[in-house]
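Enquirer: no sequence on this one, just coordinates:
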């Protein structure tokens, strides 16, 4: 390459270097451009923090079940990445060194020439000036690079606010937990509360991909502490500069799983700092619940810690559960998959579970620690509300028996139907049902007295006429069946229960086959005479019963209330000998049990009943006058 070409190349390199340095100066002194991070889950980077040089946040939320140090590679997000810091300086240095070498060689050539024209001398003078300019630019470049790395340490004035923005870099726009993976993303309105120096200093609100807001009077002696409350608002509004703590409730999770997470900046707050990094670590667990029966109904689990304290003076202990317990409403993914955010707590055995229309129990909820991810599922057993948890096969169908005999509560200001509180309960003469008074409680009913007007004179539950023609003369189906009514402690919905037919009663007592071979036994339970019916899966080892599947004395099996509780847990049903009512006379209480079927005899219009008495287990081939008041025990079909 000849001398002229070399000179052109060197000049070109200097021009490029100066342009790069100019671009760097613009980025150093103007508005920063922040680049998105590559963190998986919910990461965000930010800008404009402090009163000096623009700064950035790289913020991520921990994925449930992941180790903080194992699943994330977080680094400070810097600005000006289009022109890396110092690149202009390096190129200028190379250009300067090349130019000096070129000049030395040129000087040697000049010394060899004795006769130099005045024009040449002028040219050499201009090149010296150019070299001096290059040296000046080198100093300027070094100065600018050094200035970029210096923070502005001017203290923030008392009460001054600092504006912060953080752009979310996940691809979602909703604060939601994806239970299958434990991933968390944000939604409009989500809030991050910021603490510093033991006090609340402000909040950042999410809108369209960015968290933004102001913090008041941050101190350089402390970190910036970030608290995410999963969309749950404080019980009392915090005041910047004075609030040291507040509480949030996570009880209602029906529409969103409220993740509670905390993290602080990796370095203390510095006015004008260029970047911070923060990992939000989950301070709660994510737990899956599996109902044993598919349901779209709302499920609440009691015995859980539902309130957390956000304490700005506690650092890493800034989110702690309150000891008091309550019910958590589960988040529904489908009819068979429910989830909940649970605060750290010890194992909870048999908490109360509420599901409209069901009677339910729950296996033990395991102990919860921060960031725990239980996706194997905690099973909720769900016998229907008002039922005994024991299946009875009737032909090709299966049913649950109701928890007690049917009662009509006429004494209430608004009368209603319910099941007896205990299986051995009956009303007898104690409530005035041995009268025609409408406003008394009853559990002995004439045929078809469900309250539905099917055309007969006697259709109300308080009917006491002894005239045969006053009553309904058909099988009890639809609204004529007592089970069509909403039962207050049996789901309280219409058409959920029914009365067994004559054939079904016979099958339960006489034809049903079970692994244990036991179907029923006469007994005295809690000093009440009656008959025990045993479910399909009854095991003889649960309790030793005498005179099973045959006539026998009530006293043959004497069972206390506490003993009965154990039998009932295994699905045993007890039909008490509640007597009968003829007109307004209640009789044979404690010695006879008479239970209506839904079947009527076509020949004489009498209703079939299931009845029993001491030493006689009875038969449903027997029928009786439909004006008599008998007990009603309903069943619910397994869908």
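Expert: That came in fine, so what should we check first? Only a predicted model underlies this, so the values are computations on that prediction, with no experimental measurement involved. Residues are numbered from 1 along each chain as shown.
Enquirer: what does stretch 291-306 contact?
Expert: For stretch 291-306, contacts defined as Cβ atoms under 8 Å, 6 or more residues apart in numbering pick out 249-251, 254, 289, 321-330, 332, 335-336, 338, 340, 342-345, 348, 351-358, 362, 365, 379-382, 384. Glycine gets a C-beta too; all of them are placed from N, C-alpha and C.
Enquirer: mean confidence for it?
Expert: Stretch 291-306 shows a mean pLDDT of 90.
Enquirer: same question, stretch 259-272
Expert: Per-residue scores along stretch 259-272 average to 85.
Enquirer: what subset of the contacts of stretch 291-306 is buried?
Expert: 249-251, 289, 321, 325-330, 332, 338, 340, 342-345, 348, 351, 353, 355, 357-358, 362, 365, 380, 382, 384 (16 or more other Cβ atoms under 10 Å).
Enquirer: those in strands, which ones?
Expert: Of the positions in the buried ones among the contacts of stretch 291-306, 249, 289, 321, 325-329, 332, 338, 340, 342, 353, 355, 362, 380 sit in strands, assigned by DSSP state E.
Enquirer: which members of those are the farthest-apart pair?
Expert: By the measure Cβ to Cβ, 321 and 355 form the most distant pair in those, at 24.8 Å.
Enquirer: can you pull up the bridge partners for residue 384?
Expert: Under the criterion DSSP bridges, residue 384 forms beta bridges with residue 358.
Enquirer: can you tell me how far it is from residue 298?
Expert: For residue 384, the distance to residue 298 equals 16 Å [Cβ to Cβ, to the nearest Å].
Enquirer: residue 283 now?
Expert: Using Cβ to Cβ, one gets 26 Å for the distance from residue 283 to residue 298.
Enquirer: who has more neighbours, these two?
Expert: More neighbours surround residue 283 than the other of residue 283 and residue 298, with 26 against 14 (other Cβ atoms under 10 Å).
Enquirer: show me what contacts the residue lying closest to the more buried one once chain neighbours are set aside?
Expert: Spatial nearest neighbour of residue 283, chain neighbours left out: residue 319 (4.1 Å); criterion: Cβ to Cβ, 6 or more residues apart in numbering. Counting by Cβ under 8 Å, 6+ apart, residue 319 touches 227, 260, 261, 262, 283, 308, 309, 310, 311.
Enquirer: what's across from residue 319 in the sheet?
Expert: If you apply DSSP bridges, the partners that residue 319 bridges to are residue 310.
Enquirer: my read is that residue 545 contacts residue 552, right?
Expert: No - using Cβ atoms under 8 Å, residue 545 is not in contact with residue 552; the gap is 9.8 Å.
Enquirer: helices and strands of the protein: which one bottoms out on pLDDT?
Expert: The helix or strand of the chain with the lowest confidence, counting by mean pLDDT, DSSP states H and E, is strand 42-47 at a mean of 31.
Enquirer: so residue 593 sits against residue 530, correct?
Expert: Yes - using Cβ under 8 Å, residue 593 makes contact with residue 530 at a distance of 6.1 Å.
Enquirer: intersection of neighbour lists for those two?
Expert: Residues touching both residue 593 and residue 530 (Cβ under 8 Å, 6+ apart) are 575, 576, 577.
Enquirer: so which of those is the closest to residue 245?
Expert: Closest to residue 245, out of all of the shared contacts of residue 593 and residue 530 and judged by Cβ to Cβ, is residue 576, at 56.4 Å.
Enquirer: would you confirm that that closest one contacts residue 427?
Expert: No - with contacts counted by Cβ under 8 Å, residue 576 stays clear of residue 427, the gap being 10.6 Å.
Enquirer: brilliant, that's me finished.
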